[in-house]
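Engineer: coordinates only, no sequence provided:
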């Protein structure tokens, strides 16, 4: 008999094992570690007792539905998966509808599920349940770095994050991504929490300064479990300072930082409609390695 219930603290080990097994079979790139998972569910604003559901059969976890609240922009993001040997029995649909009803009760207008393009079974499954593709993100890796001399435009300088910069970093990030699709403004508390993660080095956050003003940044990060892999997690320029070559300069500075710290594989994600950013990344050697399709269902009534 299948039981759909809320996640409990004592499910952590079994849950991580389930996520990693499904990832190994399906190749979803969602493998995690105990440390990373604990860090995620303890982050500010995350309510794992309410927002994480599991399917249980005879005391074993065999499926999950995890939502991430972004109610400030009217949406909830959902990840749902079922153990391969328990598929085709309606368990995934039960998990999805449980999460959808919960999201509706929270006041969300829409439910979104990101799916790697090419996973046709998953795409067909969500579309049968009222979802449609609304956006795509390019997943890019640095295939062949076209190394160039790092030149900082005149009147600007390159610096690193220092303790006490948390509020200014939050302000700059929110300003840089105003009106960007799918961006929810961050809080200083969230920035501070992420800075405490073992895979985040504060000196891996680089700034472009104009005098005392931080006008651009590149936030690099290591992979939580694969220390040969790193990310350009976020990168942005104050809209008032765009068009001056600052984006390329801070991107190259971020790449140089990762390489100097032994990172061999560098990846990033970008909105497929952001042609300026895509061209910038391609100009230094990034290539598209895959696409994530964002599927959406309106929650007018559940």
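Structural biologist: Right, received. Where do you want to start? These numbers were taken from a predicted model, which means no experiment stands behind them.

Engineer: mind checking the SS state of residue 263?
Structural biologist: Assigned with DSSP: H, G, I helix; E, B strand; the rest coil, residue 263 falls in the coil class.

Engineer: ok, and for stretch 245-265, which residues are buried?
Structural biologist: Neighbour-count burial for stretch 245-265 flags 246-255, 257-258, 263 (criterion: 16 or more other C-beta atoms under 10 Å). C-beta: built from backbone N, CA, C; applies to glycine.

Engineer: give the contact list for the nearest residue to residue 33 once chain neighbours are set aside.
Structural biologist: Spatial nearest neighbour of residue 33, excluding adjacent residues (C-beta to C-beta, 6 or more residues apart in numbering): residue 225 at 5.1 Å. Residues in contact with residue 225 (C-beta atoms under 8 Å, 6 or more residues apart in numbering) are 31, 32, 33, 36.

Engineer: 10 Å - rerun?
Structural biologist: Residue 225 makes contact with 31, 32, 33, 35, 36, 199 under the criterion C-beta atoms under 10 Å, 6 or more residues apart in numbering.

Engineer: lowest-confidence member of those residues, which is it?
Structural biologist: In terms of pLDDT, the lowest of the contacts of residue 225 is residue 31, showing 88.

Engineer: just say helix, strand or coil for it.
Structural biologist: Per three-state DSSP, residue 31 ends up coil.

Engineer: out of the contacts of residue 225, who's the most crowded?
Structural biologist: Neighbour counts for these, by other C-beta atoms under 10 Å, peak at residue 199, which reaches 19 neighbours.

Engineer: quick one: the residue nearest to residue 33 is in a helix?
Structural biologist: No - counting by three-state DSSP, residue 225 falls outside a helix, being coil.

Engineer: give the buried residues for the strand or helix carrying residue 66.
Structural biologist: Using DSSP states H and E, residue 66 maps to strand 60-70. Buried residues in strand 60-70, counted by 16+ other C-beta under 10 Å: 61, 62, 63, 64, 65, 66, 67, 68, 69, 70.

Engineer: next, the angle strand 60-70 makes with the helix or strand just after that strand.
Structural biologist: For strand 60-70, the following helix or strand on the C-terminal side (DSSP H and E) is strand 75-82. Calculated by axes from the mean of the first three to the mean of the last three C-alpha atoms, to 10 degrees, strand 75-82 forms an angle of 170 degrees with strand 60-70.

Engineer: quick one: strands adjacent to strand 75-82?
Structural biologist: Paired neighbours of strand 75-82 in the sheet (DSSP bridges): strand 60-70 (antiparallel), strand 110-116 (parallel).

Engineer: right, and these - which one's nearest residue 186?
Structural biologist: strand 60-70 (11.0 Å; C-beta to C-beta).

Engineer: circling back to that earlier point, could the strands paired with strand 75-82 go into a markdown table alongside mean pLDDT and distance to residue 156?
Structural biologist: Formatted as a markdown table, the strands paired with strand 75-82 follow (pLDDT from 0 to 100; distance: least, C-beta to C-beta, whole Å):
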| stretch | mean pLDDT | distance to residue 156 |
| --- | --- | --- |
| strand 60-70 | 97 | 33 |
| strand 110-116 | 96 | 35 |
